[in-house]
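>>> sequence and predicted structure, then a few things I'm wondering about:
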Amino acid sequence: MAQTDNPTVKCGTHGTVNSAVVCCHLLQKTEGVLGFVENSSEPDDLQAWCGACEEFFLNEGEMTESFRAFNNFSLVCEFCYAKIKQQHSANP
């Protein structure tokens, strides 16, 4: 997906910019690294979830309603996504 096709989101910090999708767990305050699994090979299609979501997804075998409830996807801006990625990647 081309970056111009991305929906935008209004971020309190960064203004109106391209959106990204992350699981609810990556938005929680934590001292530890939760893992960061990107779910698209397209550079402009920013989607990721944590290690626990990856394990849940692999156990389910597909994106089930149970997985969707566990993951509870949230929209963030592309800059917040980059910060979350840095914080939760095993090898920053």
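The structure has been received and is ready for your questions.
>>> what are the boundaries of the strands in this protein?
With strands called from DSSP state E, the chain shows them at 8-11, 15-22, 37-38, 47-49, 74-77.
>>> please work out which of the ones you listed is packed deepest.
strand 47-49 (a mean of 21; mean count of other CB atoms under 10 Å). C-beta: built from backbone N, CA, C; applies to glycine.
>>> what strands flank it, and is each parallel or antiparallel?
Using DSSP bridges, strand 47-49 pairs in its sheet with strand 15-22 (parallel), strand 37-38 (antiparallel).
>>> adding distance to N59, write the ones you listed out as CSV.
Formatted as CSV, the strands paired with strand 47-49 follow (distance: least, CB to CB, whole Å):
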stretch, distance to N59
strand 15-22, 20
strand 37-38, 14
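>>> where does this structure have low pLDDT?
Scanning the chain for pLDDT under 70 picks out 1-5, 91-92.
>>> centre-most residue in it?
Taking CA atoms, centre = their mean as the criterion, V22 is the residue nearest the geometric centre of the chain, at 2.1 Å.
>>> just checking, that residue touches F73?
Yes: with contacts counted by CB atoms under 8 Å, V22 reaches F73, the gap being 7.4 Å.
>>> burial measure for C80, as a count.
21 (other CB atoms under 10 Å).
>>> the strands paired with strand 47-49: which one's closest to M63?
Nearest to M63 among the strands paired with strand 47-49 is strand 15-22; the distance by CB to CB comes to 12.5 Å.
>>> contact partners of that closest one?
3, 6-11, 44, 46-49, 73-81, 84 (CB atoms under 8 Å, 6 or more residues apart in numbering).
>>> bridging across strands, which residues link to the residue nearest to the centre of the chain?
Bridge pairing for V22 - DSSP bridges - gives A48, S74.
>>> how near is it to P43?
16 Å (CB to CB, to the nearest Å).
>>> same check on T8?
17 Å.
>>> likewise N59?
Per CB to CB, N59 is found 29 Å from P43.
>>> perfect, that will be all.
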